[in-house]
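Participant: I'd like to go over a predicted model; first the sequence, then the structure.
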Amino acid sequence: MGVILRKELADHLNSTRFLILFCLVVCVSLLITNTVSLNIRSAIESGAKDPHLFLMLFTTSGHFFSLVQFIAFFGPLIGIIMGFDAINREKNDGTMSMLLSQPVHRDAIINGKFLAGLVVITMMVVSIVLLISGLGMVVIGVVPTPEQLARLLLYVVLSIIYIGFWLGLALLFSILFRSIGTSALASIAFWIVVAFFVSFATNIIADVVAPIHASEDVDQVMKHQRVVEIISRCSPVHLYTDAATTIMDPYRKTTKTLLLVGPMETISRARFNNPLDLPQSVLIVAPYLITIVALTSICFAAAYLIFMKQEIRSI
Amino acid sequence: MATTESVIETENLTKRYGRFTAVSRLNLRVFRGEIFGFLGPNGAGKTTTILMLLGLTEPTYGHVAVLGFNPTRRPLDVKRRVGCLPENVGYYRDLTGRENLRYVARLNGLPEDEAEERISSALERVGLADEGDKLVGAYSRGMRQRLGLAELLVKKPEMMILDEPTLGLDPKGMAEVLQLIRSLSKEQGTTVLLCSHHLHQVQEVCDRVGIMNEGHLVAQGTIEELSREGLKSEEGKRLSLEEIYMRYFREE
């Protein structure tokens, strides 16, 4: 498997795709640091004293996206780009039958591909975060505390697993569909549905299931909100934004999730006047993190099983 | 050259896809060191048989032994010793021929310096010495086919399975490839299982042939044996492989 991993990694790093993505990553980091850190600096100069100033580099949106929002939105695209043609291109080029007649286990092929994708994703996420932290430190002159570093690390891990989910999904589609175009379209369609339509759909469904007739009726509002939460948890994008903001923003003040903010959210936000400490944040995030890990594993496991069971004839 | 030690032995080997029986009760024997011609029309079950020999697909029932190993249970032991050139073999288009061979050598766990040596001599031998450092994307069909043979030379297997190795080659290329196969078999005692539709080529190089039709092995033996079988009464005459082959398909 080591040989396949090495080759796949070399392929990724040499590809034009990767170069474009990497340029994009650098541009985005520069842009985010620029707009955000200038905002923060003016805030410091006006006398604000926030112990979590450093983390605001990643969560404040400025005129543009915040990093958390950026990865929630476009992280899927990175995962999809790494994986949508992983298996079917090899089938179409006939390299799969060459590879399979070599003394390698069949699962080494898919494991190697997935791992190589994960390594590239890790490189990207780590380099974005380091770029922003480094530039941010220079511009705002604030050094992170150990606790903030721990949060940052947790966030990096979360982001890698989240993008890994999309990589697994793209890999699955590349096994299911023989045509590269179809698998790319299927992955992107799934992304659009999850990122854009689920948030609208949740509110519509919640309105039907638990309508709010009187907005002062707490029970009705609670029920409505609960339905919204349950449905939106099906969406990995929502899971990720929620988890990321909880880790990175101890005040939960900037919880501008991709979903429309419900009334309960507004109330709960107002209550968090004190920052959550790290163990508390982790406690809140754990279920989300576990769900994202589970989703990623399910996706990869499905891809793995289908690939292993697939009749070689079709390869 | 050929001994009586069999390297491929199948017993009632059967493969069904749903209701369709691709290979039915196949009893095939290939001896060490021989060149065995595996013939039959398209869809006769040759490729399915090859897949089962390599452990790439599981037999529905029956028994296979390749070099003494059961390919379903120990596919790696088989694939380490058997080199296969599949029908529509492809190589990575964005790598050079040499890089592709290097990848294969690594997958086979060859030490780097030995691999480099083998790659250079293999490229030379198949006539790709000058093209080895060009991208495979720029190769013609014939060149890709030669690269496939170079892959086998790098791997130096005990047995080679060649599915239509001369497809897309010009007549000169074909003759060279056949010469290469023959010399490999002579020099290194490599057993060769050759699938081909070019009957006169098969007749030229093969020691024994097997003919498949609709999943059944309808004939197996040397050309003389098959010729004698086909001409029960007419003594003294010899049939060409083409005539033998046609006999099996005229009867239906």
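Facilitator: Nice, I can see it.
Participant: The helix or strand hosting residue A:68 - contacts with which helices or strands?
Facilitator: Element membership for residue A:68 (DSSP states H and E) is helix A:67-83. The helices and strands touching helix A:67-83, judged by 3 or more Cβ pairs under 8 Å, 6 or more residues apart in numbering or on different chains; DSSP states H and E, are helix A:16-45, helix A:56-59, helix A:106-140, helix A:146-176, helix A:180-192, helix A:236-248. No exception for glycine: its C-beta is placed from N, CA and C like everyone else's.
Participant: so can I have a markdown table of those showing mean pLDDT, mean neighbour count and distance to chain B?
Facilitator: Output for these, formatted as a markdown table (pLDDT from 0 to 100; neighbours: other Cβ atoms under 10 Å in any protein chain shown; distance: least, Cβ to the nearest Cβ, whole Å):
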| stretch | mean pLDDT | mean neighbour count | distance to chain B |
| --- | --- | --- | --- |
| helix A:16-45 | 82 | 16 | 10 |
| helix A:56-59 | 78 | 25 | 36 |
| helix A:106-140 | 90 | 19 | 9 |
| helix A:146-176 | 92 | 23 | 16 |
| helix A:180-192 | 93 | 17 | 14 |
| helix A:236-248 | 84 | 25 | 32 |
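Participant: what's the closest of the ones you listed to residue B:190?
Facilitator: helix A:106-140 (26.1 Å; Cβ to Cβ).
Participant: Mind giving me the packing neighbours of the closest one?
Facilitator: Other helices and strands packing on helix A:106-140, by 3+ Cβ pairs under 8 Å, 6+ apart, are helix A:2-14, helix A:16-45, helix A:56-59, helix A:67-83, helix A:95-100, helix A:146-176, helix A:278-309.
Participant: Can you confirm whether the longest one lies near chain B?
Facilitator: Translated: helix A:278-309. No - using Cβ under 8 Å from any Cβ of the partner chain, helix A:278-309 stays clear of chain B, with a minimum separation of 10.9 Å.
Participant: Spatially nearest residue to residue A:143 (excluding sequence neighbours)?
Facilitator: Leaving out its chain neighbours, the residue that sits closest to residue A:143 by Cβ to Cβ, 6 or more residues apart in numbering or on different chains is residue A:137, at 6.3 Å.
Participant: pretty sure that neighbour is touching residue A:148, no?
Facilitator: No - applying Cβ atoms under 8 Å as the test, residue A:137 and residue A:148 come out as separate, 11.5 Å apart.
Participant: Find the residues that touch each one of the two.
Facilitator: Common contacts of residue A:137 and residue A:148 (Cβ atoms under 8 Å, 6 or more residues apart in numbering or on different chains): residue A:54.
Participant: With the flanking residues excluded, which residue is spatially nearest to the residue in chain A that chain B sits nearest to?
Facilitator: With Cβ to the nearest Cβ as the measure, residue A:94 is the residue of chain A nearest to chain B, at 2.5 Å. Residue nearest to residue A:94 in three dimensions, not counting chain neighbours: residue B:90, with 2.5 Å by Cβ to Cβ, 6+ apart.
Participant: Any idea how many residues pack against that neighbour?
Facilitator: 21 (other Cβ atoms under 10 Å in any protein chain shown).
Participant: is it true that it lies in a helix?
Facilitator: No - using DSSP: H, G, I helix; E, B strand; the rest coil, the assignment for residue B:90 is coil, not a helix.
Participant: Angles on the backbone of it, please.
Facilitator: With angles defined as degrees, to the nearest 10, residue B:90 sits at phi -130, psi 160.
Participant: dump the residue contacts of it.
Facilitator: A:93, A:94, A:95, A:97, A:98, B:144.
Participant: mind redoing it with 6 Å?
Facilitator: Going by Cβ atoms under 6 Å, 6 or more residues apart in numbering or on different chains, residue B:90 touches A:93, A:94, A:95.
Participant: so how far is residue A:121 from the spatially most central residue of chain A?
Facilitator: Central residue of chain A (Cα atoms, centre = their mean): residue A:162, 3.9 Å from the mean position. Using Cβ to Cβ, to the nearest Å, residue A:162 is found at 9 Å from residue A:121.
Participant: Run through who's touching stretch A:200-210.
Facilitator: By Cβ under 6 Å, 6+ apart, the list of residues contacting stretch A:200-210 reads A:223, A:224, A:227, A:228, A:231, A:232.
Participant: Buried ones among those?
Facilitator: With burial judged by 16 or more other Cβ atoms under 10 Å in any protein chain shown, the buried subset of those is A:223, A:224, A:227, A:228, A:231, A:232.
Participant: Find me the pLDDT at the last one, would you?
Facilitator: Translated: residue A:232. At residue A:232, the predicted lDDT confidence score is 78.
Participant: Going by length in residues, pull out the top strand of chain B.
Facilitator: Taking DSSP state E as the criterion, chain B has its longest strand at strand B:6-17.
Participant: Now the helix or strand just after it: buried residues?
Facilitator: Going down the chain from strand B:6-17, the next helix or strand is strand B:20-26, by DSSP H and E. Residues of strand B:20-26 classed as buried: B:21, B:22, B:23, B:24, B:26 (neighbour count, 16+ other Cβ under 10 Å).
Participant: from those residues, which is closest to chain A?
Facilitator: Out of the buried residues of strand B:20-26, the member with the shortest distance to chain A (by Cβ to the nearest Cβ) is residue B:22, at 8.9 Å.
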